[in-house]
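Engineer: Need coordinates for the below:
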Amino acid sequence: MAGSRRPWAVIVATVASALVAGGALIAANRLADHPSPASQPSSAPTSSVGVDGCLVRPCTVLASTPVAGTTIELIADRGAKSGRLRIGGPGSSDVIEVTITDMGATLTRNSLQCVPGSLSACVVRGAYDGGTAGQVVVGRSGKWSSLAKPFVSDAGYLALAQITADVGPEVVAVQHDCDRASLPDCTGRPVFAQVFTMSSREAGCTQNYGSLESLPGYPNIDLRSDELSRCD
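Structural biologist: Purely as a prediction, here's the structure:
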């Protein structure tokens, strides 16, 4: 694949389940020339959340979807600057804190996407630094947990899709083929899809496309595993 690719890829959080106070976000090796974000504030402890999933009232259920027989709700606190996933619908006390809001992402009614399967997954997305940041939560046999690493797309497209034969869907993050060290504004540059498995392993990248809208199946990008090759 031609070009010098320096995508945002994955931002590695120094956490197990939520961003901690003062925890630095470390960019992956491919992003060594991209400045690390500032330290992030603490996520609110889940124990402070009421049985309705609300922490800062008034709260809003931004999205709700059934996943393998379980209702997943995205609940946003006042101002949509923080939120959580409620697993099991109204009345459930099983909640997972949304961490991308600590990066500055704001939640909307389009923030939630889920894909059912033997390993189900949901991604919570929000606008972040001119692109999109997302947190992935996976569930199997009624047990749900958040991946430690948030994902970032600098071209503003982040979604789940079943592409490879791996268990569970993949994360599709569209990036500009652009060296941000020499060209901070990558608007109008070619784009490619960078694909990750549920273990946060890079599955590969597509060829370059002239625009986001040119990717196969856009706005629901549909890729095959044979369209992926090593991300150079």
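Engineer: Closest to the mean position in the chain, which residue would that be?
Structural biologist: By C-alpha atoms, centre = their mean, the chain has its centre lying nearest to residue 134, at 1.9 Å.
Engineer: which residues touch that one?
Structural biologist: Residue 134 makes contact with 100, 123, 124, 125, 126, 150, 151, 152, 153, 158, 171, 173 under the criterion C-beta atoms under 8 Å, 6 or more residues apart in numbering. C-beta coordinates here come from the backbone N, C-alpha and C atoms, glycine included.
Engineer: ok, so of those, who is nearest residue 80?
Structural biologist: Distance to residue 80, by C-beta to C-beta, is smallest for residue 126 among the contacts of residue 134, at 8.5 Å.
Engineer: isn't the closest one right up against residue 110?
Structural biologist: No. The criterion here is C-beta atoms under 8 Å, and residue 126 misses it with residue 110 at 9.5 Å.
Engineer: Among those two, which residue is more densely surrounded?
Structural biologist: Using other C-beta atoms under 10 Å, the more surrounded residue of residue 126 and residue 110 is residue 126, with 23 against 10.
Engineer: for the protein, what helix or strand is lowest in average pLDDT?
Structural biologist: Ranked by mean pLDDT, DSSP states H and E, the helix or strand of the chain with the weakest confidence is strand 25-27, at a mean of 27.
Engineer: just to revisit the earlier point, would you check how far apart the residue nearest to the centre of the chain and residue 230 are?
Structural biologist: Separation of residue 134 from residue 230 (C-beta to C-beta, to the nearest Å) stands at 23 Å.
Engineer: Same question for residue 217.
Structural biologist: Computed with C-beta to C-beta, the distance linking residue 217 and residue 230 is 23 Å.
Engineer: can you check residue 72 too?
Structural biologist: Counting by C-beta to C-beta, the gap from residue 72 to residue 230 is 34 Å.
Engineer: can you check residue 112 too?
Structural biologist: Distance from residue 112 to residue 230, by C-beta to C-beta: 32 Å.
Engineer: ok, these two, which is more surrounded?
Structural biologist: Regarding residue 112 and residue 230, a neighbour count based on other C-beta under 10 Å identifies residue 112 as having more, with 22 against 8.
Engineer: where does this structure dip in pLDDT?
Structural biologist: For the chain, the stretches with pLDDT under 70 are 1-53.
Engineer: re the thing from before, including distance to residue 64 and secondary structure, could the contacts of residue 134 go into JSON lines?
Structural biologist: Output for these, formatted as JSON lines (distance: C-beta to C-beta, whole Å; DSSP: H, G, I helix; E, B strand; the rest coil):
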{"residue": "100", "distance to residue 64": "19", "secondary structure": "helix"}
{"residue": "123", "distance to residue 64": "15", "secondary structure": "strand"}
{"residue": "124", "distance to residue 64": "13", "secondary structure": "strand"}
{"residue": "125", "distance to residue 64": "16", "secondary structure": "strand"}
{"residue": "126", "distance to residue 64": "17", "secondary structure": "strand"}
{"residue": "150", "distance to residue 64": "22", "secondary structure": "coil"}
{"residue": "151", "distance to residue 64": "23", "secondary structure": "strand"}
{"residue": "152", "distance to residue 64": "26", "secondary structure": "strand"}
{"residue": "153", "distance to residue 64": "24", "secondary structure": "strand"}
{"residue": "158", "distance to residue 64": "20", "secondary structure": "strand"}
{"residue": "171", "distance to residue 64": "22", "secondary structure": "strand"}
{"residue": "173", "distance to residue 64": "25", "secondary structure": "strand"}
